[in-house]
Every structure is written in C-alpha cells, then in structure tokens.
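Engineer: Sequence below, structure please.
(6 chains)
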There are 6 protein chains.
Amino acid sequence: MTDQPTALDLPAVDPLPEQTQAYFDLCVEKLGILPNVLRAYAFDIEKLEAFTRLYNDLMLGQSGLSKLDREMIAVVVSSINRCWYCQVAHGAAVRAYSGNPALGEAMVMNWRAADLDARQTAMLNFTEKVTTDSARITETDRQALREAGFTDRDIWDIASVAGFFAMSNRVASATGMKPNPEYHDSARGIHRFPLFS
Amino acid sequence: MTDQPTALDLPAVDPLPEQTQAYFDLCVEKLGILPNVLRAYAFDIEKLEAFTRLYNDLMLGQSGLSKLDREMIAVVVSSINRCWYCQVAHGAAVRAYSGNPALGEAMVMNWRAADLDARQTAMLNFTEKVTTDSARITETDRQALREAGFTDRDIWDIASVAGFFAMSNRVASATGMKPNPEYHDSARGIHRFPLFS
Amino acid sequence: MTDQPTALDLPAVDPLPEQTQAYFDLCVEKLGILPNVLRAYAFDIEKLEAFTRLYNDLMLGQSGLSKLDREMIAVVVSSINRCWYCQVAHGAAVRAYSGNPALGEAMVMNWRAADLDARQTAMLNFTEKVTTDSARITETDRQALREAGFTDRDIWDIASVAGFFAMSNRVASATGMKPNPEYHDSARGIHRFPLFS
Amino acid sequence: MTDQPTALDLPAVDPLPEQTQAYFDLCVEKLGILPNVLRAYAFDIEKLEAFTRLYNDLMLGQSGLSKLDREMIAVVVSSINRCWYCQVAHGAAVRAYSGNPALGEAMVMNWRAADLDARQTAMLNFTEKVTTDSARITETDRQALREAGFTDRDIWDIASVAGFFAMSNRVASATGMKPNPEYHDSARGIHRFPLFS
Amino acid sequence: MTDQPTALDLPAVDPLPEQTQAYFDLCVEKLGILPNVLRAYAFDIEKLEAFTRLYNDLMLGQSGLSKLDREMIAVVVSSINRCWYCQVAHGAAVRAYSGNPALGEAMVMNWRAADLDARQTAMLNFTEKVTTDSARITETDRQALREAGFTDRDIWDIASVAGFFAMSNRVASATGMKPNPEYHDSARGIHRFPLFS
Amino acid sequence: MTDQPTALDLPAVDPLPEQTQAYFDLCVEKLGILPNVLRAYAFDIEKLEAFTRLYNDLMLGQSGLSKLDREMIAVVVSSINRCWYCQVAHGAAVRAYSGNPALGEAMVMNWRAADLDARQTAMLNFTEKVTTDSARITETDRQALREAGFTDRDIWDIASVAGFFAMSNRVASATGMKPNPEYHDSARGIHRFPLFS
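Structural biologist: All right, here's what the predicted structure looks like:
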C-alpha cells in the first residue's frame, strides 16, 4: 500500500478509525483485495462513508434489477466514458456474476454485440441515452422501459446506477485513479490454444 | 404537495419518519420551499439519506472552494447537460450567493461570457473537460489547476462536484424531475424599463 | 454610451444621420434602452439599415407565426449556439410576450422541458434540425410541419427566423457583442421567498 | 420558369413590380441566368428586397476583403453545412473570380487542401470556428486575425459573411432550394484526356 | 513526374520492374494519366500490388453493384471523410460513368440532394452508417438492404467498397496525397453563360 | 464449422482449392484456430487472397514498426470504432506479443491509461487523428512523428495499418462478423483471488 491510488497527493488518514479499518479488512477478506477507490477516498472519512453508503445502496441493496443487471449498466456507462478504473473493476464483476467472460468483454467493447434479451436491450438502450443524451429523454423513453417489463422503481434504479457511474467515471478519470491489477485476470476462462505463439 | 415531483409513480413514504419530517421542515423554514429533489427521493428513506449526505458534504462541507465556486461548477455542468431541474435550482443559487443575477445567467447560457478571473477560468475549463471529455484528462490538466492556485484537495473537490452533477443531472432528466417554480424569480434584480411592452 | 458594444474598435458614425438618430430615439422611448446590436452596427449606416430591415420584416412583419412563436424560435436557436447576447435579449422577449418567465427560462435551458402543444413542438423540432443538421432536412420534415397545421409560407418563416439567428448568433459571438444589462431582470416575476438567504 | 425553385408552394408575385422585373432582367443580362434564390424570394417583394440589400452590401459592397475572399468564406461555410444550393452557386463564383477551378473544388471538398497564404488560412480558420463553434470564440481568435493583417472592420466583415451563409444555407436546405444547373459547368477548364472512357 | 505524389519522401523504385512499368504504361494509355495513388505506392512493389489487386477486385471485378454504384459509394465515403484526393478522382469517375456532372457534384456536396431511386437511397444510407457509425449496424440495417433488392453478396460488396475508401481516404489524407490536376475538369459539360463575368 | 462467421448467407467455396485448404490448415496448426475472418472471406477465393495478401504485408511484413506496435494501432482504431471482432482478436494479439494483459486491456478501454513512452504516445496520437479526423492532418502532424523518431516509411506504415483497420472494422461490423471465442481468454494471466465470489 505504498503506491498512490490516484495522481493526487491525498494520503489516507493514518491510522484509520477503527470502524473504517474493520470495513477495509472485511473487503480484503471477501475480495482478496482492497479496491483502490476506497483507498482513494480514505483521505477524508466523511467522504469515504458518503460514497460507500450510496454505492452499497445502489449496487448491493434491494432492487428489481439483479446485481448483474446493475454491473452491466455500470460497464456500459464506463465504456462510453472510457473510464479505465471502472471498466477494469466492473468488467471483472460482469464476468464474475455472469460466469461469462465474453459478456464482460462485450459490455466493454460494444454492448450491441452481446446476445441479450429484449428486457436487457431496453435497459441498456435507456442507459446509453441517459449517458450520452439525457436532455432528450422524454416520457416515450420511460414508456419503452415499462413495456419491456420494468416498474417505475426499476426505472429510478436504472437512472440512478447510470448516474452514479457518470459521477464515479469522472472522479476516477479526473484524479487518475488506478485499478487494482488483480481485476484484469479475475473471472477469466483459461484456454490453452497457442494463439500468436 | 399533491403534484408529483417526477414523471414516475413513486409516492413518498407516508407518514415520513420523524427525523425526515424535521429535516424537511427545516428546509422550508430556511429556503421557503421544500426542493422537489428531496420530495422525489422520499419514496425510500435510505436513498434520500444517502443522497443528502453526499450532497451536503460536497456542497456545504468544508472545502477550499467557496460555496459560490461549487454552485458555478454545478450550473456549468448542468448547462452542458441541459438539465432543466439543476439549471433552474442552481442558477438561482449562483444569483443568490453572488448577488449578481447576470453571473447566474452566464453560467447557464455560456460561461465564457462571464467576467471571470484566471482562477475561476481554470476551474471551469477543468469542469468542462470533466463533463464532456473526462477520458482525455491527463496530468497536464491537473497541473494547470495547481498553477492557478488550487491544491490537490481542491482538485478532488472540483472533480467531485462536477461528477455529482453529472449524476444528478441524469437522474433528474431521466425521471422528469420538475423544479419548484419559486426558483425562477428568486435572487433577481428588478428593472422598471418598459422592454417589449 | 461610452462603453463599446462589441470587442471591435468600430465607433458609431458621429453624428448619426438624422433619420438614424430618430430611429434610435424611438427605440429608447419604446423599450427604455437602445439595444446594443443597433449601436454595434452604427459604424456603417448601410449595414445598420440592411440589418434592421431584414430583422423588422422577419420578427415584426406579417406572418402566420405569432411574435411569441418567432421569439421562441430565436431563443432555441441561440441556446443551441450558446450566444450570450441573443439568449439574454430574446429570452427577455419570450418572458415579456408570454407573461411566463418560466417559458423564457425553458427556451434557454432545454426547450423540451416546456409544456408545449403539438404545433409548437413540431415548430421547435424543425427549428432544432435547421440549426444543427440542415443538410439532412427532407420533404418528410416539411410534411411534418404541414401536418401540424403550418402553411408553406409558415415553413418559409420558421426557416427564415431560425436562419436569421444562425447568422446573428455568429456575428454577436464573433464580435464579442454585449447585451444591455437591463434585459436580465426585465419581465420577471418577483418572489419573496428567502431562497439561499 | 415553370419549375419551382424550392419544395414550397410559394409562387412569385405575378406580374412582378416593374423595378423587380428590371432587376431580374439585369441579372439575366449579366449572368446569363436568374439565380433561383431570387426566384424563391419573389413570392414577397419586401422579403426579396431585404435579402438582396443585405446580400449586395456584404458580397459586393466596399470591404477590405476581396470578392474572392468573400466567396471563399461563403463556400467554406456552405461546405461545412453541406448546402447543395450554395456550394454549387458559390463554388462556381470561386472558380470564376480566381480563374482556378481547383481552388473552387478545394473550398467545397476540404479547404485545408488548398495552397493558401497565411492571411487566407487565418481567415478560413476563423470562418470555420464561427461556423462550427462560435460560442467558444474569444479575444484570442480575433487577435490572431489582427496579427494576420486584418483590421477590426475586416473582422466584422468575415463574421458577417460567414454569418450570412449560416443563414442562407439553412433557408436553402430547409426549403429544398435547387441551384440553376448552369452553375455546374461554368468556369471550368476543359481537359481532353480520356479519363474513365 | 518530378513532383512528389505525397508529402512523404518515398521515391519510387527506379527503374520499376518490367511488369509494373507495363501496367503504368497501360494506365496512361487508357486514362491519359498515371493516377498519383499508383505513383505513391511505387516505393514498394509488394505494397503496390497488394493495393491494386484489392482495388481492382472491388471496383472493377464482377459484382451485383454497377461500376457507377461503386463509384457513388466511393465518393459519399470520401465526402464524409473530406478526402481531397478521393473526392477529386472518384468524383470525376461518377461524372464519367453517369454522364451527369451534377450527379458527381451531389455525391461530393450532399448526396441527399441527388435525385436517386429507392435502391440507390438504401445503398447510400447504409454506406453513410458504415462510414460514421459502424458499431451500431444491426440486422435491421442489413434487412433494409435486402428489402431494397440487394443480395447478401451485394451487402458484402457495399460494405467492402465503403470500407476500402475508409482506408484509402485515411492513407491519402495522412500522407498528403495530391490528385492529378486533370481530374478537375474531366467529364464536365461546357456552358457558355457569362456567369460572374 | 457449421456456424456462420457472419450474418450474411455467403457459404465458403466447397471444397476449397487445395492451396487455400493448405493455408487454412497451417493457420489451425499455428494458432489453434482458424480465424473467422478467413472463413468469412472464403466464399470468394480472389477476395480472400486479396485480403490476406494486404493483411500479411501490413501486419507481418518488414517494417520499422514492431509487430506489437502494429497490433497496438489495430486495437486503438478498433476501440474507437467499437468493432467487436477486431477488439477481441487483436486485443488478444497485444496481450500475446507484449506478455502484458493489462496493456491489451488499456488499448481496448482507453489507450491514454497505458504507461507508454514518447514514441508510442506519438504513434497512437497520430493513429487517433487518422481514425477520427483525417481531413485535418497537416504537415505539423507528420513532423511530430519525425521528431519522435519515425521515418517517412514508418509514417506510411502507421497510416496504412490505421487505414486497414478503418476498413476491416467496417466490413466486420457491417456484416456481423463473430470472433472465435478462444480469443477471449488467450494470453491472460491467472489470478486466484476470490473477487466477487
């Protein structure tokens, strides 16, 4: 933990408050790593807690969207914004939740190439418009989601997850946040073909 | 409060928890209105609290950026994203904090038309790039802020405020959030010229 | 009148021809101000007259479009082009003609947020396409206007008003034209709520 | 003259006022054709005169810009806007004024491919920015023109000619205006090579 | 042939291999000129042959697309990319194959202005999407071509010709390739009207 | 080989000519797979050979650019164009040639996030401009490459490789070409961390 998680000189509070340290220890225990985004926010405990509270509610809380749905939204937004940190970290999450490495790649590279059902396609079309052209969203767009089976609460959640990554993509890119290298190879299959040997 | 704050059918928890009601009462007492964004989130108290905690830390907490600086960032981002709710509400805040109605107008219409000093210009140039092209931000951009007098903590705050409105613009536009009408005419000067009479 | 109306060193003809002075006096009498755009053109009386003749025919002459329709077109174009002068001056005109300050704000901030009827929506959709993508206009676009109730002469007028502001936005921005400050607060309502106090 | 100059059903005043007929006769005498833009405006003599007065002042009146300079600006703007009428008609004018068919082609296809001096390059760079991004023009852009030898009056004229074609491109495209076919082959050289035979 | 065909210092192999010289002689005999693109590639005979083999298969080989169809695609792509070399050379080819100088102009200036049938319109709509937004092409786009009468092999050919000019436009622009001046005036009609005299 | 390599119904020549079959067998022997792009072109042997000849010269032939340089260019172009096939296949090649999985990811996600030297940065800046804005390339851009150590022949090669993928991205996307699934997991590292378990 001597390397900086961002390009800014904002060292973590040292020592961390006991509760924060316990939370970080839990992350390492469950994920094998401490995500750099948490290290980045640790220079100010109030900011760290406000961020994690919102993140945990949106990405892990109760919702009509599955955790995979939410991670797919996260990666599609991050791909449009070309956020290095979030594509790496959440691309790994899509691979892990789906058990389908190619699906994670497709969310990063071009979501239209994935083999999606009508509900997922509607969800990602809305996500894309929220990300690139939110000022043109009208009732027609919301109605398309309802017709694809989403409730008004689901629409709120799609908008909120897409909005959250609009924010965190920008904070990560603006501060030069670096993803933990372990993400790159997690949740991959293993092929033994001698490609390009 | 019979009208809906958004286009989604997500009624507020009724009755509100005591603490929430007290917070809303305080808003009305201090602002004269209850901002519709709070009404919109009131369908889920955890979401409301996560949102307000992050908002209050960023916009009202301690920072090297003045409250006016932060509101200028908010409006420039919201203008690029053409978010109706946020331009109306935060445009009013710029007028109020600055005592300069024309400054609020310029943040909405074209921030380059405002008479800004070098520090503010650097801040808004960075804000604009974070908003429209965050993937191209490099150390050069951060260094330009340092040369304009900003600390690394200030850079974090500019990125975070710009990121926050990247999020809330999208949530507001995607859900059809309506600004309280009182904002339109607050913090205006009064001219008696018979323009267009 | 010692301040310059633009960033160019092009002083008005001095003294003005009698007829020009009379026209300017009439403006001040009717509007309470002499719009800076007239001062800007006054360095060359032929240019001033050619401009005002075209302007007055388009904006004040007989047309199937109301004056408010034409001012709404003016502001939507000026908002897309982010012209400081024209958003300020014509935003005030929309407020004045409509008696609805929020409508003027919406034309500046995001016209889709306004509560418009089908005819106005068709008019502003066409205006937007004329402004941003005129090369793709086809008969389909003109037909959509006819179906919304516009005559061919009305279509000419929408195109001409949108075109006129495509021109004057560019002349104003390229020359650094400054709006008269009186516009900012004209035709506003007055609220006494203690917002942001 | 039985074919319509635009896609709108707006027949010319019939008979034309004597003065208008004389002006049209003069055009035919001098150019060999009556430009369709004049036929298009002839449904309303006030509009026709307002248009021609402004056009003639800008394109034929006294200016520090040569007529060729002004036609080069006209074609560069019309190329960016992909206006069929104006590229055809004013491309022919560049060929005619310059005696250089390839220069007319370059203004249409990609002005950067032309062999231009520093003054012309500065003029067309400013023209391009006025056309595509006028809201970002600042004093720096005007100063670049002054350093290339232009006066403040010349800057006004560049902005005004570029602005004029921003307008007329849109009116022409929005109304489906058709160029006179004679333009296509006027002011061409003649090669006898059997290309593509 | 002492002038350089590009801005790079890459002289042709000297002397050319016999077979290459014979091919160049044949070009001059048939076209009256040696196209500069061939001179540009002549610094490396393997590159020259790989290029001409692909070019000749695509543009001159058997296909359900006529040679004029293929040249129209070439110019529409080159116009979007504003490639000086390819617009000049292939614009001439459209004029020559069609016997219609105005059609060549329209492909350069704005293909929507041309008087095209439904099949050609479908072909050029697909060409445009391949050129500007290929990642969004879906089965719907291919189906639209089938409904306009194209076979799957034709679709391959449209994509391949559009793709080829996506490549050669970029090579030409990146290397500063200059078109032979003879193209400008080839396949023009001749008008004797005194336009702009 | 019963699945189709594209969305078009263009079955391979059957049986393949002996020489083609031998080439395909060699691919399988060396790579472990037969790349689908070769299967896609196999409906027409002349097209297959023209494509592979150009590809092999550019990507495997003698050049001042290393094979890794050329694959980095390929992926950066394919990322901008969001070509599913080429990002998958050539992303794997960057991982394989560099032995650095994260480098392959960065070329796909945001090349500016990679840790590149000045020569590579210049190469990819030029690649990006060739891909998105080739009409604006001027001598200044070529000179920047020379100053970074590239020869004129290297500049030709960068332009040609970038141009080649501008072509093949479009052919792949327009025809719905599917990458071999083996690419996804080739040349990855293996991490045992329980991320997202």
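
Engineer: Helix, strand, or coil at residue A:141?
Structural biologist: Secondary structure, DSSP: H, G, I helix; E, B strand; the rest coil: residue A:141 is helix.

Engineer: correct me, but it touches residue A:129?
Structural biologist: Yes. Here residue A:141 lies in contact with residue A:129, judged by C-beta atoms under 8 Å, at a distance of 6.2 Å. Backbone N, C-alpha and C define where each C-beta goes, glycine included.

Engineer: what is in contact with those two at once?
Structural biologist: Residues within reach of residue A:141 and of residue A:129 at once, by C-beta atoms under 8 Å, 6 or more residues apart in numbering or on different chains: there are none.

Engineer: where's residue A:95 relative to chain D, distance?
Structural biologist: Separation of residue A:95 from chain D (C-beta to the nearest C-beta, to the nearest Å): 41 Å.

Engineer: Quick check: which element contains that residue?
Structural biologist: helix A:84-98 (DSSP states H and E).

Engineer: Can you spell out which helices and strands pack onto that helix?
Structural biologist: helix A:36-41, helix A:67-80, helix A:101-109, helix A:152-175, helix F:101-109 (3 or more C-beta pairs under 8 Å, 6 or more residues apart in numbering or on different chains; DSSP states H and E).

Engineer: what does the average pLDDT come to for that helix?
Structural biologist: Helix A:84-98 carries an average pLDDT of 96.

Engineer: can you list the residues of chain A near chain E?
Structural biologist: Within chain A, the positions near chain E by C-beta under 8 Å from any C-beta of the partner chain are A:110, A:112.

Engineer: shaky segments in chain A?
Structural biologist: Residue ranges of chain A with pLDDT under 70: A:1-2, A:190-197.

Engineer: Would you pull up the residue in it closest to chain E?
Structural biologist: Per C-beta to the nearest C-beta, residue A:110 is where chain A lies closest to chain E, at 5.3 Å.

Engineer: Phi, psi for that residue please.
Structural biologist: Backbone torsions of residue A:110, given as degrees, to the nearest 10, read phi -170, psi 100.

Engineer: residues in contact with the nearest residue to residue A:110 once chain neighbours are set aside?
Structural biologist: Of all residues not flanking residue A:110 in the chain, residue F:82 sits nearest, at 4.3 Å (C-beta to C-beta, 6 or more residues apart in numbering or on different chains). With contact set as C-beta under 8 Å, 6+ apart, residue F:82 has these partners: A:109, A:110, E:135, F:173.

Engineer: I figured the first one hits residue F:84, correct?
Structural biologist: Going back to what we said before, that points to residue A:109. Yes. Using C-beta under 8 Å, residue A:109 makes contact with residue F:84 at a distance of 5.7 Å.

Engineer: what about the two, which has more around it?
Structural biologist: residue A:109 (28 against 25; other C-beta atoms under 10 Å in any protein chain shown).

Engineer: The nearest residue to residue A:166 once chain neighbours are set aside: what's it in contact with?
Structural biologist: Leaving aside its sequence neighbours, residue A:166 sits nearest to residue B:166 (C-beta to C-beta, 6+ apart; 4.2 Å). Applying C-beta under 8 Å, 6+ apart, we find residue B:166 in contact with A:163, A:166, A:167, A:170, B:77, B:81, B:130, B:131.

Engineer: same check, this time on residue A:34
Structural biologist: Contact analysis of residue A:34 by C-beta under 8 Å, 6+ apart lists A:1, A:24, A:27, A:28, A:180.

Engineer: ok, now residue A:23?
Structural biologist: Contacts here follow C-beta under 8 Å, 6+ apart; on that basis residue A:23 touches residue A:52.

Engineer: Using CSV, lay out the helices and strands packed on helix A:84-98 together with distance to residue F:64.
Structural biologist: Shown next, in CSV, are the helices and strands packed on helix A:84-98 (distance: least, C-beta to C-beta, whole Å):
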stretch, distance to residue F:64
helix A:36-41, 38
helix A:67-80, 33
helix A:101-109, 29
helix A:152-175, 33
helix F:101-109, 20
